[in-house]
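>>> How does the following fold in three dimensions:
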Amino acid sequence: MFQLSTITVLSHLLLALMGLTTAVRLYYKLLELLRWNPGLHPFQSQLDEDGTLTDEATVAVVEGAVLRIAFALTELKRLVFIGSVVDSIKFAVFLYLLTHVGVATSGLTLVMAGVITAFSVPLLYRKQQVRIRRLSRSLRTTTKRIKTMFMSMYRKVIPASAAASDHTPTPPPTPAPVSPAPKQKAKAK
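The predicted structure is shown next:
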């Protein structure tokens, strides 16, 4: 199962199930021909199950499916036809990396990795919560500093008069975050 795709595994499982049900059905038919069985279908209870939906439930299911499909198509159209350059580049990089993932792994491996991740990430966060918060705080601070640096460089390169002629408002300067000085203990003499 680790070397075959998910579609192959599912089709083999369904074929095995059909082989089993066919053998049971032929056995019951043989018993009926020999008059040892009154002609009962072995899977009649499964065939008699009512799997139909009411009108309201059908409409709700179809509306939900249509909305999800429409959203997915709209988003794909925006990504493929470059509605946003940055998002399209991210999508292209994602697809490129996905081709390498597909070559290296099968679908079952990805499902197993997803299940393991889904159950281990919350535990990791719970155990390392202080470190993760500290790291995220420092990343936000660093990102703000870099953004401030680029904005100041942008203002130096583009003079204020040229920026005003473009009718684009310049953002107000944001001061860099200042970290408080560490407290020092007074030495006792």
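
>>> Return the distance of the residue most central in space within the chain relative to S120.
Nearest to the mean C-alpha position of the chain, by C-alpha atoms, centre = their mean, lies G114 at 9.8 Å. For G114, the distance to S120 equals 11 Å [C-beta to C-beta, to the nearest Å]. For every residue, glycine as well, the C-beta is placed using N, CA and C.

>>> quick one on the thing from earlier: what helices and strands are in contact with the helix or strand where the residue nearest to the centre of the chain lies?
Assigned by DSSP states H and E, G114 falls within helix 107-127. In terms of contacts (3 or more C-beta pairs under 8 Å, 6 or more residues apart in numbering; DSSP states H and E), helix 107-127 is packed against helix 6-33.

>>> and with 10 Å instead?
With contacts taken as 3 or more C-beta pairs under 10 Å, 6 or more residues apart in numbering; DSSP states H and E, helix 107-127 sits against helix 6-33, helix 85-104, helix 129-157.

>>> Let's have the ones you listed in TSV, adding mean pLDDT.
Output for the helices and strands packed on helix 107-127, formatted as TSV (pLDDT from 0 to 100):
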stretch	mean pLDDT
helix 6-33	82
helix 85-104	80
helix 129-157	91
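
>>> Show me the one of these that comes nearest A57.
Closest approach to A57 among the helices and strands packed on helix 107-127 is made by helix 6-33 (26.4 Å; C-beta to C-beta).

>>> relative to helix 107-127, how tilted is that closest one?
120 degrees (axes from the mean of the first three to the mean of the last three C-alpha atoms, to 10 degrees).
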